[in-house]
Every structure is written in C-alpha cells, then in structure tokens.
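# Need a 3D model of the sequence below.
(one chain, ligands or ions: 1)
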Amino acid sequence: MIAEKIYIKTATADEAISMAYAHKDDFCYLAGGTDVLVNKYQGNKESKCLIDITGIAELKQVTITDTHVKIGSLVRLDDLKKHPVLQASFPALIIAAGEVASPMLRKTATIGGNVLCENRCSFYNQSEWWREAVGYCLKCEGDVCIATGGKKACFSKFVSDTAPVLISAGAQLEIADFDGTHIVDLETIYTGDGIKPRNLPETALILNIILPLGHDFLIVFKKLRPRLAVDFTSLTTAVSTDKHGNLRMVIGGVDPKPVLIKGRVEGNREDYIKSALQKTRVVDNDFYSRKYRRDMIRVFLEQSFEELMR
Ligand SMILES: Cc1cc2nc3c(=O)[nH]c(=O)nc-3n(C[C@H](O)[C@H](O)[C@H](O)COP(=O)(O)OP(=O)(O)OC[C@H]3O[C@@H](n4cnc5c(N)ncnc54)[C@H](O)[C@@H]3O)c2cc1C
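Have a look, this model is predicted:
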C-alpha cells in the first residue's frame with residue numbers, strides 16, 4: 001500500500017512551526033526544493049509531510065541596520081546581488097552564491113536551504129539500484145562507510161558554497177522554534193557527523209542570516225569542481241581578514257562540516273595550513289582523489305593569503 005503523503009503551504013513562521021510540531025515524526029520544510037526534491041526522487045530521503053514555507057513573506061526581506069544586515073532565509077541565491085549593501089560589504093557572498101549549481105537552480109534555491117543543504121558522498125548520491133548493488137553505506141541503512149573501506153563513521157562531505165563565506169564573515173542564524181527565537185553562530189550548527197550533519201531541532205525554522213557590518217571584511221572565496229557549471233564542490237575555501245587583524249579560514253567540500261581555523265593576519269601562515277590539513281578529514285568520496293583535494297587545500301589557502309595581502 002502507498003503511504004499517504006501530506007503537503008501543507010504555510011503563510012507565517014508561527015504557522016509553519018506549529019504544523020511542523022503536529023507532524024514532527026516525519027516532515028520536512030520545503031523552500032526552493034532544489035535539494036529536498038532531488039533527494040526525494042533519488043530515494044535518498046523522503047518525508048511523509050512537506051511543509052512549504054515559500055509563502056512566508058517575512059522571510060524574503062533583506063534588512064539593514066547600523067550594525068547588521070539580516071538576510072531572510074527565503075532570499076533566493078540569484079537575488080542576493082540585487083542588494084547594494086551586500087554588493088559593497090560582502091562581494092564574496094555574491095560570488096559564492098553565483099557559483100552554486102546553475103542559473104536556473106539559483107533562481108529557485110534559497111540561502112536558508114543552502115546552509116542546510118544535505119551532505120553528499122559519491123557512494124550515497126546514487127540511484128537506489130546502485131546503492132543496493134554495493135550493499136548500502138552507513139548513511140543509507142548500511143553497516144559501514146564504503147568510502148573508507150569499512151569505518152563505522154560517515155564522512156559524507158559538507159557542500160554548501162555560501163556557508164564558508166558566511167562563517168568567514170562571522171554570520172549568525174536567527175532561529176525560531178516553540179520556545180521563541182534565538183541566535184546562534186552559524187558554525188555551531190554543524191556536527192561533523194556525516195549521518196546527522198546538523199544539531200538543530202527538527203522543528204527549528206531559520207528566520208534570518210545575520211552578518212555584522214563595520215568590520216571591513218575582505219574575503220577570498222575559491223571552489224574546486226570538475227566543470228564550472230552545475231557541479232557540486234570538491235573543495236571550497238573562504239579566507240577573511242577584518243580591520244582588527246583577525247584571519248578566519250573556512251574549508252568546505254571535504255569534511256562532514258565546514259572547518260573553521262581562526263588566526264591573526266601577522267600569524268604564521270604555514271602553521272595555519274598545517275592546522276587546516278590536520279583538522280579536515282578528507283576521504284575518497286568525490287570525483288577527485290583524496291590526495292589531490294588535500295593538496296588543493298594548501299594551494300587554495302596560499303593563493304588566498306597572497307590575494308588578501310596584496
Ligand atoms: C544539479 C544540482 C547542483 C547543485 N549544485 C550545488 C552547488 O554547487 N553548491 C551548493 O551549495 N548546492 C548545490 N545544490 C544544492 C541546492 O540546490 C542548494 O544547496 C540550494 O541552495 C538549496 O536551497 P533550497 O531553497 O532549494 O533548499 P530546499 O531543497 O528547499 O531545502 C534544503 C534543506 O533546508 C531545509 N530548509 C530550507 N529552508 C529552511 C528554513 N528557513 N528553516 C529550516 N529549514 C529549512 C529543508 O527542510 C531541507 O532540509 C545543487 C543542486 C542540484 C540539483
């Protein structure tokens with residue numbers, strides 16, 4: 001028998017959260033759907049209930065104050081470039097958003113959905129037939145990680161392209177749930193566990209992404225991928241400096257979470273690169289080899305330091 005499916009379109013954040021609570025055993029928020037629906041049709045993840053949040057007008061705004069920019073979670077990636085303050089203060093975010101997927105997808109995909117995009121692995125993002133043929137992996141009801149030859153941990157990689165830039169600029173999330181609204185540093189929501197990559201409560205709804213103004217961030221973004229169009233990342237780096245001399249290096253596309261290394265502009269760059277190579281857990285789950293992606297971490301960081309100091 002085919003299980004009954006439920007689709008609910010909501011008009012306010014409160015309504016979305018109460019519907020989520022009512023269906024909390026098996027639901028998913030639906031924004032642009034470019035991740036949710038692909039995962040559903042590929043048989044990777046399917047929820048009985050879809051709660052469509054695209055009608056919530058309050059999540060589509062970009063608001064500027066003296067100290068912050070608030071980007072509503074439903075702002076589409078392609079629309080970020082329309083906001084002069086983002087263009088002026090965070091051009092790397094516009095560049096990163098412009099390198100997600102393809103032009104058509106960016107007109108649908110939202111920034112909230114991008115920071116919560118599901119982790120990927122070349123042994124997981126396959127058809128059901130393919131996954132069955134290799135005996136399934138830990139992320140889809142198997143017993144071991146195939147990419148590592150049998151480890152009992154999942155190393156599916158974190159693939160959001162905007163999150164590394166946002167973290168390098170000290171971004172925070174404004175999150176709503178039953179107990180009200182709270183603010184967390186973006187990097188703290190990622191667990192590093194490829195099976196459950198985020199620690200947010202299921203019903204939590206991202207309202208806004210908050211970026212601090214007035215720090216004079218300079219950010220260099222780099223992305224490695226086989227083809228310049230459509231492909232997911234094989235390595236993403238975002239390196240920032242600010243007017244206080246802080247240096248933040250964020251590495252995505254390799255480990256199950258974005259890896260953040262904090263330093264100072266005058267600090268030892270070789271030490272930072274070694275720290276990046278030690279902290280990132282790169283496994284053979286990508287188009288490129290583990291060795292090549294590790295080598296490219298060094299190349300991207302060295303190039304980024306050069307560009308920032310120039
Ligand atoms: C061919 C292809 C190529 C792609 N290439 C890239 C790429 O290069 N880089 C990249 O980063 N991504 C890529 N993606 C993945 C995806 O398109 C993007 O990550 C996109 O930004 C997801 O946004 P969305 O609005 O479609 O999210 P959805 O699919 O609607 O949602 C994604 C997740 O976020 C949750 N969610 C969404 N909004 C909220 C909210 N406000 N509060 C709480 N939960 C929420 C959903 O429940 C779901 O778990 C690609 C996808 C495809 C199909």
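# going forward, measure contacts between C-alpha atoms and count neighbours the same way
OK.
# buried sites along the strand or helix carrying Q303?
Following DSSP states H and E, one finds Q303 within helix 290-309. The neighbour-count check on helix 290-309 (16 or more other CA atoms under 10 Å) flags R290, R293, R294, M296, I297, R298, F300, L301, S304, F305 as buried.
# Check which residues of the lowest-mean-pLDDT helix or strand in the chain are buried.
Within the chain, no helix or strand scores below helix 128-133, which has a mean of 90 by mean pLDDT, DSSP states H and E. Buried residues in helix 128-133, defined by neighbour count with 16+ other CA under 10 Å: R131.
# Next: stretch 98-111.
G98, E99, V100, A101, L105, R106, T108, A109, T110, I111.
# quick one: which of these is nearest V134?
Ranked by distance to V134 (CA to CA), the buried residues of stretch 98-111 are led by A101 at 27.6 Å.
# roughly how far apart are that closest one and R225?
11 Å (CA to CA, to the nearest Å).
# Repeat that for V184.
From V184 to R225 the distance is 30 Å (CA to CA).
# Looking at those two, which is more packed in?
Between V184 and R225, counted using other CA atoms under 10 Å, the more crowded position is R225 (17 against 14).
# Quick one: neighbours of the closest residue to P256 other than its chain neighbours, just the number.
Spatial nearest neighbour of P256, chain neighbours left out: K157 (4.4 Å); criterion: CA to CA, 6 or more residues apart in numbering. Around K157 sit 30 other residues, with neighbours defined as other CA under 10 Å.
# correct me, but K157 touches C121?
Yes - contact criterion CA atoms under 8 Å: K157 and C121 qualify, at 6.2 Å.
# thinking again about what came up before, and the buried residues of stretch 98-111 as CSV, adding distance to D66 and secondary structure?
As requested, the buried residues of stretch 98-111 are exported to CSV (distance: CA to CA, whole Å; DSSP: H, G, I helix; E, B strand; the rest coil):
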residue, distance to D66, secondary structure
G98, 27, helix
E99, 29, coil
V100, 30, coil
A101, 33, coil
L105, 33, helix
R106, 29, helix
T108, 30, coil
A109, 28, coil
T110, 25, strand
I111, 22, helix
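# So which of those residues is the closest to T63?
I111 (14.7 Å).
# okay but that closest one is in contact with K70, surely?
No - counting by CA under 8 Å, I111 stays clear of K70, with 11.8 Å between them.
# which residues of the stretch 201-310 of the chain score low on pLDDT?
For the stretch 201-310 of the chain, no stretch is flagged by pLDDT under 70.
# got the residues of it near the ligand?
Those residues of the stretch 201-310 of the chain that sit near the ligand, judged by CA under 6 Å from any ligand atom, are A204, L205, I206, L207, V230, D231, F232, T233.
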